[in-house]
Each structure stands twice: as C-alpha cells, then as structure tokens.
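Undergrad: build me a model:
(2 chains)
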Protein chains: 2
Amino acid sequence: MTEENRQWRLRQRPRGPLAPDVFEWVTEPTQAPGDGEVRVRVLELSLDPANRVWISGPSYRPAVEIGAVMDGFAIGEVVESRSDAVPVGTLVSGDLGWQDYAIRSAKAVRPLPGGTERPLSHHLGVLGVTGLTAYFGLLAIGKPKPEETVLVSGAAGATGSVVVQIAKMWGCKVVGIAGSAAKCEWLTGTLKLDAAIDYRAQDVAEALGATCPEGVDVYFDNVGGSILQTALHAMREQGRVVCCGAVSGYDGATPPPGPRGVPGLLIARRLTMRGFIVTDFAPRFRDGVQALAKWIDSGHVKVQEDRIDGLERAPEGLVGLLAGDNIGKRYVHVADR
Amino acid sequence: MTEENRQWRLRQRPRGPLAPDVFEWVTEPTQAPGDGEVRVRVLELSLDPANRVWISGPSYRPAVEIGAVMDGFAIGEVVESRSDAVPVGTLVSGDLGWQDYAIRSAKAVRPLPGGTERPLSHHLGVLGVTGLTAYFGLLAIGKPKPEETVLVSGAAGATGSVVVQIAKMWGCKVVGIAGSAAKCEWLTGTLKLDAAIDYRAQDVAEALGATCPEGVDVYFDNVGGSILQTALHAMREQGRVVCCGAVSGYDGATPPPGPRGVPGLLIARRLTMRGFIVTDFAPRFRDGVQALAKWIDSGHVKVQEDRIDGLERAPEGLVGLLAGDNIGKRYVHVADR
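TA: All right, here's what the predicted structure looks like:
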C-alpha cells in the first residue's frame, strides 16, 4: 500500500520579507527506503528562524535547493526500516523536512532517549536544538557569574526564554528584550525576570540605562541589527556578547550594515563577541539534555510552547515566527503518533 | 636655577583629519616636585595611533583636556626627587607627556629594568607598550597554532611588525597588509613574510583569495574599517579576530559604520572577535619583556625604528604616523641623556 506524502517544496528564493508562496504544496506517493535507510513518519516539525537563512543561500550549511523539500528539524516514528540499528517503531529526531514521510539513512537520524514520558515536542524545543542552544550559548560562550547582569534579546522566543531562565537560576540579574507588552509581562510575571524591555514601544538605549545602570556583562543576542548596536554601547568592561542569531536581518533583501562600535568599542571596553552553532557542542549534548531535564523537573525551567496544527500551515507558521508572533517554542504538529 | 619647559598643549579637539594646529607650543618655567614626586627629563617620546583617540573624547581613558599638556608615553631620567623610592638618575618610563620636564608621583613612573645596555627607545617600542601589545594580543588573544594562517593589518607599523615576526617564529603562515610597495617589500624581503598586500594598490579581497585560499585563522587587526570587513569574509571557521586598533577610523569626524558580516558571519563561521588594551596584561609584563628581549638577541625579532628629532616636531610626527608614513616604531628623540 502506498501512502500519500504531502510536502512543502521550495519554489523560489525569497527576496525581502518571507511570503508563504515561496513554498509549493506537492503531493506524491511515498518512496520505499533503500538498504540501510528508514522511512520516518513526521510527527512534530520544528520552526526556527534559521529556516529563513537556509533558503536564502549557502550559509553554515548548503542552501535548500529550488524544487527540493524544505529542510526542517523534526521528530518522527520509523514506519519502515532496512536497517537493523533503527527498527520500526523507533522514535527519532533529525532533519526530516517539511513532509509527512522522510526517507533517511539510518545514520542521519537519532533515536530519542529511551523510556521518555515527556511530550514529543519537548525534544524539539527545550530538550532539543533550542534548549541546547540556550544551554551551551549561555554557559559555554557567555560564561555568566552569579550577580552579573545578563541581557537577552528575543527573550520570549524559543531559545531566549530558556536562556533567561538558566541565567536566573545561575543567580544573575536578567533583563529581557521582546516585541510586545504581553511578552514583557510574561517575562517579568511568569519567568520572574528583573526587567523586560518592549523594543517596539520603548527607546532601548534609554531603557537599558534605566534597567542596567551598572552595564551588561553578558549579552545573548538572538536578533543582531540595531538592538545589537544599542546593547554593545551598554556593555561593561570585559563583557561577552554571545552571537546566537540575527533574526532582524534574516528577512531583508541585502545584508544590513554592521553595528557601529565594532571594533572601537570592543577595544575600549575589552569586549568579546563570539558566534556559535549548537552542533559545535554535539559531543556534549547528552550533558546538556540531562541538565535541562533536571531543571524542567525541578521547576527552574518552565516549558513554553506555541503549537500550530497541520503541515499545511508550516509556511504561515514560519512567516509569523519571523514576525515575532510566538511566545516560546513554535512547532507544527503534523500527526498523532 | 629654573630650566625652561617646552610643551605641546591641546588647543582644541580635532574634527576630522588631524592637523598640527590642534596643539599649541608653550614655554614655561619648570616646576619643582612636591613631596613623593619626581621631576623627570623626557628623553624619548612615543608616538602612537592611540594618541589620536585620547584627544577626541573619553575612551578607555579620560580625554586629554583642552589646555592640558598632551599625554604621551615616554622614557626619561629623574633629575630631581622627593621620593626615596626613585632617586635622581633613575631612568623611568611612564606617561610623561609632550614636554621637556614632567612632574609625576613617584608611583606613576616605572624604573627601567636595571643594567640595561639597550637603546632607550627599545623600551618605548619592542620592549615597551608596542612589543607587549604584539606579544599578548597575538599569543593570549589570537592563540595561533603552528601551520595556521595569521593575517596582520598595519603590518609594517610598530605593533604589526612585531606581531608578524612572532607569528613567523611560531611556525605560522603570515600575510601582512600595508600601505605601500616599499613596506610590502620590507615585509617579504627583510621580515620573510609569506606574502604582503598593498591595500592602496591592490584589491584586498582578491589578494586575500590569492594569498590565503585556505582562509585566515587569526586576523590581528590594527586598522578596523573596510579592511576589517574584507578580512572577516576571509576568515576560516573557528577563526579569531584580535581587535587591537582601528586606526582607519581615528581620524574621522564621525564613527564609521561597523563591518558587514557582524554578527551573521561570526555565527556562520563561529568566529571570535576580542578587543584588548595592553594594560589588561600588566601582571604578566615581565614575562613578555623577557621573551621579547630573548627573541631580539636571538635575531628572531628585528627592531625597526623610525626616529624623529626634536620635541617641536611631535605634532607633525603624529600626523604622519596616522597617514602611515612610518615603517616600524615612530618616536621623538627629545634630548640626549
């Protein structure tokens, strides 16, 4: 019996703000796995700002090709296997793409940790790429010390909302920047941040002066652009800037200019800016997942998710993500198990 | 007997390219030191691109005030002392300023290492701030490994010319960027660099592609601006950018925009940019001076100096330094011992 495989394929490279019509909805029969391969049914599909980068052109990974199924990190279940290592019924994560069924080498998927009773979506978010990005970016790159001031942009987003919670647990003063009053209320009310700045309603430089008069020790940057520039000028000597994302620039037609103050301010204040990709820390993922799981169980890290139902809504979900519609981890629920 | 004290005082803050007339030539009687102070006769006066920063406004140090004697690092001899710790005849270094005689707290000057038979100017340059900047910036911030590719801008300047020599000694492939054919010839001919790029005559991006096809592991940046931007795009994954100076921007009226690629390229290629000031490493200066002295004696580091005679020529000397007239360490010989 051949099942239908619904897919979103890349129709064209976006120029300027993303519109859903750069993707094309295609239905084709599912393929059978070859030797050493598995067929995986996609259950939960992650939406990430980085998806926008992948379709613009080559970056830290090759660009998604025109006509190809859109790439996307996902959780799925093996429904057909030609690999002894990954039998039918295994729950796996990997880049399965925007589709119902993915054929992948058994080596290209990772079985989820056994005996898990957590919602599958947690493995996309706080226990997946998002949480690990927060964990390693903050602790291994930002290296905050207790009492230091940590500033986080995109603070209500998937990664930022985990960063701020780890930083609070670390004993830091934590200030978040987000794009609405509701997000700011959630940051200070639910996540207990010391302060939140609504960059759409407030002058960020002024607000930083008021909330961080002592300066910022660690700035976890998810957005780049003008907020990065403003934050740089609020840094304290020996401060660290964690370059995690630059979502403010992803949706533009041309790369934005760099922030004023580079390199002059880096020298005068002895700042370090360091970029990273979470996979740099792959050998230590297990440690990260264990720590995050413990903090979820202890209540130090609250899981906040933003679920979209139906594969057909993936493009609009990504457009909305880039516009900042979400609080917490946005993902697409594709199918029940 | 009262001696004359010739001085250069700051008449006004420069706006745009430095002209000598921002300084005013004043002659006044020398003062007597107070309790705990010494009177130092200035012998050799350092000229540094950072001097330009100090007169623009506050930076990593307070700005030189209008009407005040111009600050400048120098070597001098104590000619009158009211401190037992620093007797008459002691050779000292410190911020003595652009003048014949400086009154300073004995704590504000540092006696030169005893038994020195080296030219005094070496203590301003390769064994002074300049050499230490090269030493710590390259080794403690850039952390090159043998076989890696090290790119240095301002490579024929006081700091750059020491950086390139240490990097060669370290077993690195070394490429220098400088502003004339003569400098480039000196870099490849005398200092034995693997390649040199004349940024005034060549397309730097193209030349980097030709000379560093494998990419740059460590970029030691003395200039900032467009060369920094171009170099960023030539960096290899996990590369380090040592932010030491930004001389291309010092002489402008307004701060230049930052380099494109910040932060996007930092993320995609996992780059680190780190700024520093040599005094951050003050506790380790002794080690640095010892290492540099050894390398001078072994011939691994050649000392290249550019001497200007007469305090009266200090302003034009600084203007020329900012224009890149010098090869090696520029200083003003103020008086014989």
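Undergrad: what about A:I177, helix or strand, and which?
TA: strand A:173-178 (DSSP states H and E).
Undergrad: what strands line up against that strand, and which way round?
TA: strand A:149-153 (parallel), strand A:195-198 (parallel) (DSSP bridges).
Undergrad: can you add mean neighbour count and mean pLDDT and give those strands back as a markdown table?
TA: (Each C-beta comes from the backbone N, C-alpha and C, glycine too.) Putting those into a markdown table (neighbours: other C-beta atoms under 10 Å in any protein chain shown; pLDDT from 0 to 100) gives the following:
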| stretch | mean neighbour count | mean pLDDT |
| --- | --- | --- |
| strand A:149-153 | 30 | 98 |
| strand A:195-198 | 22 | 98 |
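Undergrad: export these to JSON lines and tack on distance to B:L191?
TA: Compiled in JSON lines, the strands paired with strand A:173-178 are given as follows (distance: least, C-beta to C-beta, whole Å):
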{"stretch": "strand A:149-153", "distance to B:L191": "43"}
{"stretch": "strand A:195-198", "distance to B:L191": "50"}
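Undergrad: can you say which of these is nearest to A:T279?
TA: Closest to A:T279 of those is strand A:149-153 (C-beta to C-beta; 21.5 Å).
Undergrad: contacts for the closest one, please.
TA: For strand A:149-153, contacts defined as C-beta atoms under 8 Å, 6 or more residues apart in numbering or on different chains pick out A:138, A:142, A:144, A:160, A:163-164, A:167, A:170, A:172-177, A:199, A:208, A:212, A:214-223, A:227-228, A:231, A:234, A:236.
Undergrad: excluding its backbone neighbours, what's nearest A:P113?
TA: A:V289 (7.1 Å; C-beta to C-beta, 6 or more residues apart in numbering or on different chains).
Undergrad: for A:Y135, same thing?
TA: Computed as C-beta to C-beta, 6+ apart, the closest residue to A:Y135 that is not its neighbour in sequence is A:G288, at 4.5 Å.
Undergrad: hang on, that neighbour packs against A:L132?
TA: Yes. Assessed by C-beta atoms under 8 Å, A:G288 is found in contact with A:L132 at 4.8 Å.
Undergrad: compare the two (neighbour count), which wins?
TA: A:L132 (24 against 21; other C-beta atoms under 10 Å in any protein chain shown).
Undergrad: which helix or strand contains the more buried one?
TA: helix A:129-136.
Undergrad: how far is that helix from where the chain is centred?
TA: Put simply, helix A:129-136 sits 8 Å off its chain's centre (C-alpha atoms, centre = their mean, to the nearest Å).
Undergrad: just the residues contacting that helix, thanks.
TA: A:46, A:48, A:73, A:124-125, A:158-160, A:162-163, A:166, A:244, A:276, A:278, A:280-281, A:284-285, A:288-289, A:291-292, A:301, A:329.
Undergrad: chain A against chain B: which residues are in contact?
TA: A:59-60, A:221, A:224, A:228-229, A:241, A:243-246, A:249, A:255-277, A:280 (C-beta under 8 Å from any C-beta of the partner chain).
Undergrad: quick check on the residues you listed: which are buried?
TA: Among the residues of chain A next to chain B, those buried by neighbour count (16 or more other C-beta atoms under 10 Å in any protein chain shown) are A:59-60, A:221, A:224, A:228-229, A:241, A:243-246, A:249, A:256-277.
Undergrad: picking that back up, compare the strands paired with strand A:173-178 and give me the one nearest B:A32.
TA: strand A:149-153 (47.6 Å).
Undergrad: relative to helix A:129-136, how tilted is the closest one?
TA: Strand A:149-153 and helix A:129-136 are oriented at 150 degrees to each other (axes from the mean of the first three to the mean of the last three C-alpha atoms, to 10 degrees).
Undergrad: flag the shaky bits of the stretch 201-337 of chain A, pLDDT-wise.
TA: Along the stretch 201-337 of chain A, the model assigns pLDDT under 70 to residues A:253.
Undergrad: for the residue of the stretch 101-250 of chain A found nearest chain B, list each beta-bridge partner.
TA: Across the stretch 101-250 of chain A, the shortest distance to chain B (C-beta to the nearest C-beta) belongs to A:C243, at 4.0 Å. Residues in a beta bridge with A:C243, per DSSP bridges, are A:D221, A:G275.
Undergrad: got the contact list for it?
TA: A:221, A:224, A:273-276, B:263, B:266-267.
Undergrad: how close does it sit to B:Q202?
TA: For A:C243, the distance to B:Q202 equals 30 Å [C-beta to C-beta, to the nearest Å].
Undergrad: contacts for stretch A:209-216, please.
TA: Outside stretch A:209-216, the residues touching it (C-beta under 8 Å, 6+ apart) are A:149-151, A:173, A:175, A:194-195, A:197, A:208, A:231, A:234-237, A:239.
Undergrad: hey, C-alpha coordinates of the strand holding A:I177 in PDB?
TA: Backbone C-alpha positions of strand A:173-178 (Å, rounded to 0.1, in the frame of the first residue of the first chain) are rendered in PDB as follows:
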ATOM      1  CA  LYS A 173      20.300  39.800  37.200                       C
ATOM      2  CA  VAL A 174      18.400  39.200  34.000                       C
ATOM      3  CA  VAL A 175      16.800  41.700  31.600                       C
ATOM      4  CA  GLY A 176      14.900  40.600  28.500                       C
ATOM      5  CA  ILE A 177      14.100  42.400  25.300                       C
ATOM      6  CA  ALA A 178      11.000  41.400  23.500                       C
END
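Undergrad: quick check: next helix or strand after it?
TA: Remark: after strand A:173-178, the chain's next helix or strand is helix A:181-189, criterion DSSP H and E.
Undergrad: mind listing what's buried in that next one?
TA: A:183-184, A:186-188.
Undergrad: redo those as JSON lines? Include pLDDT.
TA: Output for these, formatted as JSON lines (pLDDT from 0 to 100):
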{"residue": "A:K183", "pLDDT": "98"}
{"residue": "A:C184", "pLDDT": "98"}
{"residue": "A:W186", "pLDDT": "98"}
{"residue": "A:L187", "pLDDT": "98"}
{"residue": "A:T188", "pLDDT": "98"}
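Undergrad: tabulate those (a markdown table), appending distance to A:H333.
TA: Shown next, in a markdown table, are the buried residues of helix A:181-189 (distance: C-beta to C-beta, whole Å):
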| residue | distance to A:H333 |
| --- | --- |
| A:K183 | 23 |
| A:C184 | 28 |
| A:W186 | 22 |
| A:L187 | 26 |
| A:T188 | 30 |
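Undergrad: go through those and say which is closest to A:T90.
TA: A:W186 (36.1 Å).
Undergrad: for B:I267, see how far away the closest one is.
TA: 27 Å.
Undergrad: re the thing from before, so which of the strands paired with strand A:173-178 gets nearest B:A314?
TA: For B:A314, the closest of these is strand A:149-153, at 42.3 Å, according to C-beta to C-beta.
Undergrad: now do the helix or strand following the closest one against helix A:181-189, angle only.
TA: Once the chain leaves strand A:149-153, the next helix or strand it forms, by DSSP H and E, is helix A:158-169. Relative orientation of helix A:158-169 versus helix A:181-189 (the same axes, to 10 degrees): 30 degrees.
Undergrad: in helix A:158-169, what counts as buried?
TA: For helix A:158-169, burial by neighbour count (16+ other C-beta under 10 Å) applies to A:158-168.
Undergrad: break chain A down into its domains, please.
TA: Taking automatic domain parsing as the reference, chain A has its domains at A:4-125+A:304-333, A:129-279.
Undergrad: that older thread, who touches the residue nearest to A:Y135 in this structure?
TA: If you count contacts by C-beta under 8 Å, 6+ apart, then A:G288 has A:131-132, A:135-136, A:281 around it.
Undergrad: mind running it again at 10 Å?
TA: Contact partners of A:G288, counting by C-beta atoms under 10 Å, 6 or more residues apart in numbering or on different chains, are A:127, A:131-136, A:139-140, A:278, A:281-282.
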